[in-house]
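K.L.:
sequence? don't have it. structure:
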């Protein structure tokens, strides 16, 4: 009877109200971090607060406008070592510089399950935010500015390691090494981030079953580097004026790449590689020493990657639209737009590859075909490369003969007798209009 009464009183008792701690100085802040319990909130007023700080309970650390936590160059500025913690509204600066220790503005340990890092400004930290095994954590709405210097001495804006379910969204990231770097993880979502002035905007290594959607990469060394990762959904992303590649796929398989856009700003040939040394010099990577804008070397580079589906993408203004090699012939290509690339496709191989699916191919801005029946498809097949292209790629010194009568006769003969073509890409049903302007059913 007494036990039932005690249980009834316990179940009907009002919940204990959370405590809001408002420390007045650094000593009071240290005391609050030690004494605060689950659900409590520590509210920091405007001013400079001394780090490093450790959150060891499921509490919220919030900042009022003007609140700055300064690590003074020692380790992690804020270390989160408890589940269900929140860090929000703060300016976080001054981490250490130890790459082995992975010094960060905010460091989430394996215990920091479901942590939320939202609405902060992070500057002058080695790594901005590092998710070190914190499952189901959220990094959202932060503004992260990394350091300048040699790439080998820099950290990433956001790093994710072995943190299934982690979500990184709506962040603005600039400078540092990579905008977002993920390794040995799964079921992650990177969504609606704006990344510029880094080496790689998003860098995947050994990560599977994840989503990259609606991100914007601009003025980086490379947009999206996808390596040794499978079963990804890569949709609705943009790469604008990234120096080397819009997308790189290296041993990445069984993924869906749809509705993405790579756009360059073509420049005179002498300026295409002006910015080659700028990343190491700490200059924004997509600007040459003369300040000229440059076009990406390749919209897409595919190396030993297969069973991927490329559909509804727009590749525009690159030196090469798509370059694939090293056994990367097993991908599906349809409904993509290839516009204004100096070379639409580069493939040095002898296999015959069909780049249309279910009777619908891709749009090629340099295709001079006709559509006499008005069905939106060209009446003849399109072949982006010929024998002359392959000679030029394998023996670049032969380029001086490009305008010679012999080369012109060879190209004329191939156009009249397609059987002379030594393998390569064929689009049997090329589109007459860009799919992005008039999508087909």
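P.N.:
Received it, and whenever you're ready, just let me know what you need. It should be emphasised that the depicted structure is a prediction, and the values quoted were computed from it without experimental measurement.

K.L.:
from here on, contacts and neighbour counts on C-alpha atoms
P.N.:
OK.

K.L.:
Quick one: the helices in this structure, in order.
P.N.:
2-12, 26-35, 278-281, 387-394, 405-416 (DSSP state H).

K.L.:
which of those has the lowest average pLDDT?
P.N.:
Looking at those, the lowest mean pLDDT belongs to helix 278-281 (a mean of 36).

K.L.:
Bridging across strands, which residues link to residue 200?
P.N.:
For residue 200, the beta-bridge partners are residue 222 (DSSP bridges).

K.L.:
For residue 61, grab the count of nearby residues.
P.N.:
By other CA atoms under 10 Å, the residues close to residue 61 number 20.

K.L.:
That one and residue 145: what is the separation?
P.N.:
21 Å (CA to CA, to the nearest Å).

K.L.:
same thing with residue 172?
P.N.:
8 Å.

K.L.:
So those two - more neighbours on which side?
P.N.:
Taking neighbours as other CA under 10 Å, residue 172 and residue 145 compare with residue 145 leading, 24 against 20.

K.L.:
Provide the partner residues of the more buried one in its beta bridges.
P.N.:
Using DSSP bridges, the bridge partners assigned to residue 145 are residue 123, residue 174.

K.L.:
which residues sit in contact with it?
P.N.:
Going by CA atoms under 8 Å, 6 or more residues apart in numbering, residue 145 touches 122, 123, 124, 128, 157, 173, 174, 175, 176.

K.L.:
phi, psi of the third one?
P.N.:
To tie it back to what came earlier, the one meant is residue 124. phi 50, psi 50 (degrees, to the nearest 10).

K.L.:
how about low-confidence regions in the stretch 301-441 of the chain?
P.N.:
Counting by pLDDT under 70, the stretch 301-441 of the chain has low-confidence residues at 386-423, 436, 438-441.

K.L.:
again, only this time at 90
P.N.:
324-329, 347-353, 368-372, 374, 376, 380-425, 435-441 (pLDDT under 90).

K.L.:
Look at residue 368 and say how many residues are nearby.
P.N.:
With other CA under 10 Å as criterion, residue 368 counts 10.

K.L.:
Can you tell me how far it is from residue 157?
P.N.:
From residue 368 to residue 157 the distance is 45 Å (CA to CA).

K.L.:
Check residue 218 too.
P.N.:
Counting by CA to CA, the gap from residue 218 to residue 157 is 15 Å.

K.L.:
Looking at the two, which is more packed in?
P.N.:
A side-by-side neighbour count of residue 218 and residue 157, using other CA under 10 Å, places residue 157 first with 35 against 25.

K.L.:
what's near enough to touch the more buried one?
P.N.:
127-129, 144-146, 173-181.

K.L.:
now residue 333: how far from residue 429?
P.N.:
Distance from residue 333 to residue 429, by CA to CA: 12 Å.

K.L.:
Residue 67 contacts residue 93, correct?
P.N.:
No. Applying CA atoms under 8 Å as the test, residue 67 and residue 93 come out as separate, 11.2 Å apart.
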